[in-house]
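Trainee: Generate a structure from the sequence data that follows.
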Amino acid sequence: MATESLSDQDLLLKQLKAFDESKAGVKGIVDAGVTKIPEMFIHPQIDHGQETQTKFSISVVDLTDSAVGMSRHAEVIDEVRRAAETVGLFQVVNHGIPKKVMEEILQAMRGFHELPKEVKAEYYSSDPKKKVRFVGINKLARSSSRNYWRDSFICDMTYSEPLDPKELPEVCRDITMEYSKYAHKLGVTLFELLSEGLGLKPDHFLGLECAKAHYILGSYYPACPQPELTIGVNKHTDRSFLTMLLQNHVRGLQVLYENHWIDVPPIPGAILVNIGDLLQASILISNNIYKSGIHRVLSMKEGPRVSVGCFFQHPLDSADRTYGPIKELTSEENPPIYRGTTLADYLQGHFVKGIINGVSGLEYLKDSGSVTLVYLIVFEPSGHFRSKTRERLWISFGPTPVAFLAHEGWRGLAARDEDFVKRF
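Mentor: Got it, this is the predicted structure:
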C-alpha cells in the first residue's frame, strides 16, 4: 500500500512537471480533447457540495449620486458599510465604468487565453517580479501537486513603476490600460466610502496608500468534463486591501456566509467588490469591523468563465511599513484584535502558514507569533515523508520548540532546533 501511495505521488509530480513545461495551461488540456481530467486536478479533500442558503442574497449598491454633497451620499455610505460588515462582498452598479469598456476587457482577456499556445508561451512565467505573465500553476500546487482548473494572466499596474504598454500582448494592450484607469478611479471612490463608513475622513485609506498599487488578473476557467472532481479556485480570502471583479455570464463564484455557500450570480454591468485581508482589521486597521469574505469558484460544465479582477495592494517596495489598528476605532471597551505588522511579515503568514493550514493569514496576527526561520518538515496524506526545508514562517511556538501544521490531509511540523529534525 505504501509503495502504491508513493507511486501515486510520483505520478502527480510528473504530471505537474509536464503540465508546467507545456506552457499551455488548462486550456491546452481542454484543446487536447480530454474527457477525463488528469489526476493532478482532482481534489479529493474538497467538499464539492453546493449547499446554499436561499434566504440571503448579496447586496447590490447603486452608486448614483453618491459623491460628497450629493443627495444619496449618506445612504450609499450606509449600504457599503453594512455590506462590508456582514459578508464582506457586494456588487455595485452605476459605477462609472462604461459598458463598452467592460465588454471589451472581457473579450480581450478571453482573446488572450484563446491565442495559439505558442504565442501564450512567450508570457508563461512563475517569476512574481515580472509585470506581465501567464500562469497555469497555482502556489498551493507546488507543495500539494494538486492544481486548480483555471488559467491566469497577470498585469502589474503599480503606479510607482508604470507598466510599459508594449509589454502587454497586442490582443489586450489598449483596453487593459484603459480599463485600469477606470478601475483605479472606482477604487478611489470605494476607499472613500469605506473610510466614511468607519466615521473617518474620506481620504483616510488613501493616505495609507491603499490605492497606490493594483494588478489586473484575467482568469479563464475552461468548461470542465468532470466539474465534481475539481475546482476553479478553492476557498480563500484575498490578500489585497480591496478586490473589484468583473465577470462574464458563466456562474461559479460563491461566498461563505454563516457556514453556507451563497451563489454570487453575475449581474450585467455590475462590478463585484470584495473586502481583502488587508482591509479587514483593515490591514489591521478597522479592527475587524470590515470582513474579508471567504469565497471560491466552482468548476462548471459550461464555459469558459472569464473574469477580470483588480486587486488593490500595497506596493512591495514599501513592504517594511508597519500597520496597526486605527486608534480612533479602539478603546478599553473595544481593544485591538490584531497587533501591528509589516506587509512583508503579513505575506509570510498568508502564503506560508496560512495556506498550509487553510486559513487566513490574519489569524496569525492574533497571537504572539513572529516571523521565524525554522525547519519545515512535510508529510503526505499517506504518511510518507515529503520534504525538509528551511522557511521563514509567521509562527507561535508557545512553551515547546515544535509547532504542528495540517491542511487537506497533508501534515507538517515546524521546529527551531536543528537536532530535533536530524531524525528525518
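Trainee: Sketch out the low-pLDDT regions of this structure for me.
Mentor: Within the chain, the stretches with pLDDT under 70 are 1-7, 48-55, 139-145, 159-160, 280-288, 315-424.
Trainee: Try it again at 80.
Mentor: Where the chain drops to pLDDT under 80, the residues are 1-10, 44-56, 138-146, 158-161, 277-289, 314-424.
Trainee: Helices of that one, residue ranges please.
Mentor: 2-22, 25-31, 73-86, 99-113, 117-121, 141-144, 173-197, 204-207, 343-348, 355-357, 418-421 (DSSP state H).
Trainee: and the gap between residue 241 and residue 87?
Mentor: 17 Å (Cβ to Cβ, to the nearest Å). For every residue, glycine as well, the C-beta is placed using N, CA and C.
Trainee: Neighbour count: these two, which is higher?
Mentor: Just comparing residue 241 and residue 87: by other Cβ atoms under 10 Å the higher neighbour count belongs to residue 241, 30 against 23.
Trainee: Touching, the more buried one and residue 212? I think so.
Mentor: No - assessed by Cβ atoms under 8 Å, residue 241 is found out of contact with residue 212, at 9.8 Å.
Trainee: Identify the contacts common to the two.
Mentor: residue 314 (Cβ atoms under 8 Å, 6 or more residues apart in numbering).
Trainee: check contacts around the closest residue to residue 223 other than its chain neighbours.
Mentor: Excluding its sequence neighbours, the residue lying closest to residue 223 (Cβ to Cβ, 6 or more residues apart in numbering) is residue 303, at 3.2 Å. Contact analysis of residue 303 by Cβ under 8 Å, 6+ apart lists 221-224, 250.
Trainee: The same query, at a cut-off of 7 Å, please.
Mentor: By Cβ atoms under 7 Å, 6 or more residues apart in numbering, residue 303 lies in contact with 221-223, 250.
Trainee: State the distance from the closest residue to residue 89 other than its chain neighbours to residue 277.
Mentor: In space, and not counting its chain neighbours, residue 89 is closest to residue 293: 4.0 Å by Cβ to Cβ, 6+ apart. Using Cβ to Cβ, residue 293 is found at 10 Å from residue 277.
Trainee: Please enumerate the shared neighbours of the two.
Mentor: residue 237.
Trainee: Looking at those two, which is more packed in?
Mentor: Each of residue 293 and residue 277 has its neighbours counted (other Cβ under 10 Å); residue 293 has more, 28 against 25.
Trainee: quick one: terminal-to-terminal distance for stretch 220-236?
Mentor: Taking Cα to Cα, to the nearest Å as the measure, stretch 220-236 stretches 18 Å from start to finish.
Trainee: Give me the buried positions along it.
Mentor: 220-222, 224-225, 227, 229-236 (16 or more other Cβ atoms under 10 Å).
Trainee: One more: stretch 158-171?
Mentor: Within stretch 158-171, the residues scored as buried using 16+ other Cβ under 10 Å are 158, 163, 168-169, 171.
Trainee: any idea which of those is closest to residue 261?
Mentor: residue 158 (33.5 Å; Cβ to Cβ).
Trainee: hang on, isn't the closest one packed against residue 209?
Mentor: No - Residue 158 is beyond contact range of residue 209, at 11.0 Å (criterion: Cβ atoms under 7 Å).
Trainee: hmm, back to that, how about the buried residues of stretch 158-171 in a markdown table, adding distance to residue 136?
Mentor: As requested, these are exported to a markdown table (distance: Cβ to Cβ, whole Å):
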| residue | distance to residue 136 |
| --- | --- |
| 158 | 23 |
| 163 | 22 |
| 168 | 19 |
| 169 | 16 |
| 171 | 18 |
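Trainee: And those residues, which two are furthest apart?
Mentor: Taking Cβ to Cβ as the measure, the buried residues of stretch 158-171 have their most distant pair in 158 and 171, spaced 22.5 Å apart.
Trainee: on that earlier part again, which member of the buried residues of stretch 220-236 is positioned nearest residue 122?
Mentor: Nearest to residue 122 among those, with distances taken as Cβ to Cβ, is residue 220, at 16.9 Å.
Trainee: sorry, back to before: filter the contacts of residue 303 down to just the ones in strands.
Mentor: Among the contacts of residue 303, the members falling in strands (DSSP state E) are residue 221.
Trainee: Show me the two of the contacts of residue 303 that sit farthest apart.
Mentor: Distance extremes for the contacts of residue 303: the farthest pair is 222 and 250 at 10.5 Å, using Cβ to Cβ.
Trainee: list residues touching both of the two?
Mentor: By Cβ under 7 Å, 6+ apart, residue 222 and residue 250 have these common neighbours: 303-304.
Trainee: Now do the contacts for residue 304.
Mentor: Residue 304 makes contact with 110, 220-223, 250, according to Cβ under 7 Å, 6+ apart.
Trainee: Which residue is the nearest non-sequential neighbour of it?
Mentor: residue 222 (5.2 Å).
Trainee: Isn't that neighbour up against residue 31?
Mentor: No - contact criterion Cβ under 7 Å: residue 222 and residue 31 do not qualify, at 8.8 Å.
Trainee: one step back: which two among the buried residues of stretch 220-236 are spaced furthest apart?
Mentor: Longest span within these, Cβ to Cβ: 225 and 236, 24.6 Å.
Trainee: separation between the closest residue to residue 202 other than its chain neighbours and residue 204?
Mentor: Leaving aside its chain neighbours, residue 202 sits nearest to residue 192 (4.1 Å; criterion: Cβ to Cβ, 6+ apart). Distance, residue 192 to residue 204, by Cβ to Cβ: 9 Å.
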